[in-house]
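In: What follows is a predicted protein model with its sequence.
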Amino acid sequence: MPKITINDMEIEVEAGTNILQAAEQLGIEIPRFCYHDKLSVPANCRMCLVEVEGGPPKPVASCAMACGDGMVVKTESEMVKKARKGVMEMMLINHPLDCPVCDQGGECDLQDQAVAYGFDRSRYNESKRSVNNKDFGPLVGTVMTRCINCTRCVRFAEEIAGTPVLGQFNRGEDAEIGTFIGEILDTELSGNLVDICPVGALTSKPYKYSARSWELTKTETIDVHDALGSNIRIDSRGRALMRILPRLNDDINEEWIDDRTRYAYDGLAAGRIDEPYIRDKDSGKLRAATWDEAFSFIKNKLAGISGDNIAALAGDLVDVESMVAMKDMLASLGSTNIDCRTDGSLFNTDSRGSYLFNSTINGIDEADAIVLVGVDPRHEGTMVNARIRKNWLERKIPVSLIGQPVDLTYPYEHVGTSPQDLVKLVKEYAGKMEAKKPMMIIGSGVFAREDGHAIHAMLHDAAEKLGIITDSWNGFNILHSAASRVGGLDVGFVPTKGSEGFAEIIEGTKDGSVKALFLLGADEFNARVNIGWKCFVVYQGHHGDHGASRADVVLPSAAYTEKDGIYVNTEGRPQLARRAVSAPGQAKEDWAIIRAMSEHICSNPLPYNNLLELRDRIKKEWPIFKNIGSVTPAKWDGYTAKGKMAKDDFGLPVKNYYLNNPICRASKTMAECTEAFTSNEEQTEGKEEAA
C-alpha cells in the first residue's frame with residue numbers, strides 16, 4: 001500500500017487510489033467538475049489540478065493520477081492556484097450570465113467554485129457562443145449554452161442507466177452534448193442527470209422556476225413506490241411539496257433514485273380525499289359527512305354481523321403501524337380474515353427466509369451468476385437492475401432469465417418462460433454450477449397464480465440443488481413490488497389456518513359470506529377483480545382511486561409524505577418514513593383513524609393512544625423492529641407444498657411502470673411519461689388501470 005504526502009500530511013492508501021481520493025480521506029478539498037465517485041474518470045475539465053514534486057513541470061489532474069509510494073503533492077501552491085484560475089476563466093468564457101433565473105442557483109458547483117477558486121475578472125471580449133437546447137423528454141429540461149462539456153451525463157447514461165443515447169459531438173468550440181438522432185432519454189433514471197450536472201445545463205422540467213433551494217424545508221425519509229425503500233429527501237415549502245431528491249445509502253439505492261420516485265409527487269396534490277364520505281342509500285352517491293357521523297354509520301352497519309363475516313385488506317402503500325392497528329381491531333371484532341397480498345399471491349409466509357431478498361441489495365455486488373425468474377427488475381426494482389448492471393460491467397457475470405423476455409440494460413440468456421423451463425435448468429446444472437455465489441431473483445408475479453404454493457416449493461428445491469443456498473451464502477431473493485408487503489408479512493397480516501385470504505374474501509363479497517370489508521389503502525383492483533355488492537365496504541386512503549369508488553364509507557388518510565411510519569423493504573430492513581408536510585383537510589394518519597374507530601365499533605378501544613405506545617406494542621411482539629435501518633438475517637427452512645404446477649408462463653406484476661399506484665395515477669407528470677415512453681399497448685393497459 002503506497003504512502004503519499006499531501007500538504008505535509010502523510011497517508012497510506014490502497015493501491016489504485018488516485019490523488020483526489022486520497023486528499024478527500026485527509027479532508028482536503030480539491031475542486032472538480034467532471035470527476036464523480038460512481039463514474040469512470042475522463043479527466044477533461046482540468047479543475048482538479050495539483051502539483052507533484054519531482055513529477056512533470058506542470059500541474060497534473062489529480063483524478064487521473066494514481067498515488068505512488070513516496071509521492072509528495074501540493075494542492076495550494078502558487079502554480080496550482082494560477083492554473084485553477086486559468087481553467088475557471090476558460091470555463092466562463094461562453095457561460096451565460098443568467099444565475100438569477102437558473103434553477104441551479106444556490107446549488108451550482110460552477111457558481112461555488114468560481115467564487116472559491118476563480119479569477120476576479122474576465123479578459124474575454126469576443127462574442128459568446130450559443131448552443132441550441134435539446135428535447136430530452138418530459139422530465140429533463142435543457143439550457144445547453146450553460147454546458148461545460150464535463151460529460152458526466154454521457155457517462156451516467158452509458159454506465160449506470162445502460163441507455164447510451166447521449167454523446168459529445170463536434171470538436172473545439174463547437175463541441176456539445178446531445179443525442180445523435182434526436183432521441184429522448186428513455187430511461188427510468190433520467191432524473192439523476194439533473195443531480196450530477198455541475199451547472200444548470202440539465203434541470204428538472206416539473207420543478208422549473210418553482211423555488212430556490214434556501215427557501216425549502218428538507219425532510220429525510222424513504223420512498224414507497226416500490227419495495228426497495230430508497231432513501232430520499234423531500235423539499236417542501238409550507239404545505240407544498242416542491243421536489244424529491246435521493247439520499248446517499250450504499251446499502252440500497254447508492255445515490256440514485258428512479259423517475260417515478262422523483263417525479264410522481266405532483267400526484268399527492270391531485271384527486272385527494274380530504275373529508276369523510278357516506279354513500280347515500282337513495283341516490284347511490286357519496287356525500288360529505290363528519291367523522292362522528294361516519295363512525296356511527298359504520299357502527300350501525302356492523303351491528304349483528306359476526307366476526308367470521310368481517311374481513312380486511314391492506315394495500316401496497318400502507319405502513320406497519322396501520323396494519324398492526326387494523327389487525328388488532330379485527331381481532332377485537334372476532335375476525336382473522338385479513339390479507340396484505342392484494343395481487344392474489346400465494347406463497348409460504350411461515351418462514352421469513354422464504355419471502356425476503358436474503359442476499360440484500362448490496363449483496364448483488366458479490367454475486368458471480370444471476371438467475372432471474374419471472375421478473376423485470378428494470379421496472380419492478382429499478383435500483384436492483386442498476387446493481388445487476390454494475391456487477392455485469394465490472395465482472396461480466398452470466399445472467400439468465402426464465403420468464404417473459406424484457407428489455408434490460410445488460411445482456412442475458414433467455415432460458416424459457418414457464419416453471420417447467422426452470423425444472424429443466426435445475427436438472428441440467430444441479431451440482432455442476434461453477435459459481436461460488438450464485439443468486440436467484442424471483443419476481444412477485446411468479447406467485448400471483450393458483451399454483452403459487454407449488455411454485456414456491458419448487459423454487460426452494462431449485463435453490464438448494466443449484467448451490468444458491470450454502471452455509472455462508474443465501475442467494476434466494478424475492479423482489480417484491482409493494483412497499484407494504486414485507487412489513488405486512490412480518491406482522492402476520494395474512495390469514496391463519498381456517499381463515500380467508502384475498503381470493504376467498506373477494507369471492508365472499510359476492511356470495512354474501514363476507515358482509516363487511518375494510519380496505520386499508522387497498523386500490524389494486526381492476527376489471528378482473530371486482531368487489532361484490534353484497535358487502536358493506538369501508539375504505540380509508542388518500543386518493544379517490546379504485547377502492548374509494550366501491551366504498552360505502554370513505555375515510556381520508558395521510559399519504560406517506562404526511563405521516564411518520566415504519567416500512568420494511570424487500571430485504572427485510574425496517575426504515576422510518578418521516579412527515580414532511582401536513583395532510584389536507586380532515587385527513588388523519590391511518591392508525592389514528594383505526595384507533596378512533598375502535599372506540600365506536602369495538603367493546604374495548606385499542607390499548608394505545610399515540611404512535612410511541614403503538615411502536616412499543618410492535619417491538620414487544622416482533623423484535624426485528626428494534627433494529628430500525630438494519631437487516632436481521634432470516635433462517636433458511638425447507639418448504640414443501642402439495643399441488644401440481646400449471647404450464648402457464650410466468651407473468652409480470654407491473655403492467656405500466658408509470659401508473660402502478662394511486663399517487664402515480666393522479667400525477668400529470670406520470671401521465672406525460674406514459675405518453676412519451678410507453679408503447680400503445682402499455683398506454684391502453686395503464687388507462688384501464690386508472691379508469
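Out: On my side now, so go ahead. Fair warning: this is a prediction, and the values are worked out from it, not measured in the lab.
In: Provide a list of residues in contact with Val194.
Out: Taking CB atoms under 8 Å, 6 or more residues apart in numbering as the criterion, Val194 is in contact with 140, 202-204. (Glycine included, C-beta is placed from N, CA and C.)
In: In terms of secondary structure, what does the helix or strand hosting Ile506 contact?
Out: When elements are defined using DSSP states H and E, Ile506 is found to belong to helix 502-511. For helix 502-511, the helices and strands in contact under the criterion 3 or more CB pairs under 8 Å, 6 or more residues apart in numbering; DSSP states H and E are strand 310-314.
In: Report all helices and strands that the strand it packs on contacts.
Out: The contact analysis (3+ CB pairs under 8 Å, 6+ apart) places strand 310-314 against helix 320-332, strand 338-339, helix 502-511, strand 516-520.
In: Give me the sheet partners of it and which way each runs.
Out: Using DSSP bridges, the neighbouring strands of strand 310-314 in the sheet come out as strand 338-339 (parallel), strand 516-520 (parallel).
In: I'd like to know how many residues surround the residue nearest to Pro206 when sequence neighbours are not counted.
Out: Beyond its immediate neighbours in the sequence, the residue positioned closest to Pro206 (CB to CB, 6 or more residues apart in numbering) is Thr669, lying 5.2 Å away. A total of 21 residues lie near Thr669 under the criterion other CB atoms under 10 Å.
In: roughly how far apart are Thr669 and Tyr35?
Out: From Thr669 across to Tyr35, the span is 31 Å (CB to CB, to the nearest Å).
In: which residues does the residue nearest the centre of the chain contact?
Out: Nearest to the mean C-alpha position of the chain, by CA atoms, centre = their mean, lies Ser230 at 4.6 Å. Ser230 makes contact with 222-223, 246, 249, 252-253, 257-258, 261, 383 under the criterion CB under 8 Å, 6+ apart.
In: Please tabulate these in CSV, including the columns neighbour count.
Out: Converted to CSV, the contacts of Ser230 look like this (neighbours: other CB atoms under 10 Å):
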residue, neighbour count
Ile222, 25
Asp223, 30
Pro246, 22
Asn249, 19
Ile252, 24
Asn253, 26
Ile257, 28
Asp258, 29
Thr261, 25
Met383, 26
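In: between the contacts of Val194, which is nearest Ile30?
Out: Proximity of the contacts of Val194 to Ile30, judged by CB to CB, is greatest for Leu202, which lies at 23.8 Å.
In: My reading is that Ile566 lies in a strand. Confirm?
Out: Yes: applying DSSP: H, G, I helix; E, B strand; the rest coil, one finds Ile566 inside a strand.
In: what about it, how many neighbours?
Out: 23.
In: same check, this time on the one 4 residues further on
Out: The burial count assigned to Thr570 is 28, neighbours taken as other CB under 10 Å.
In: Isn't it up against Leu228?
Out: Yes: with contact defined as CB atoms under 8 Å, Thr570 and Leu228 form a contacting pair (6.3 Å).
In: For the contacts of Val194, could you give me CSV that also reports secondary structure and pLDDT?
Out: Formatted as CSV, the entries for the contacts of Val194 read as follows, by DSSP: H, G, I helix; E, B strand; the rest coil; pLDDT from 0 to 100:
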residue, secondary structure, pLDDT
Val140, strand, 96
Leu202, strand, 96
Thr203, strand, 96
Ser204, strand, 97
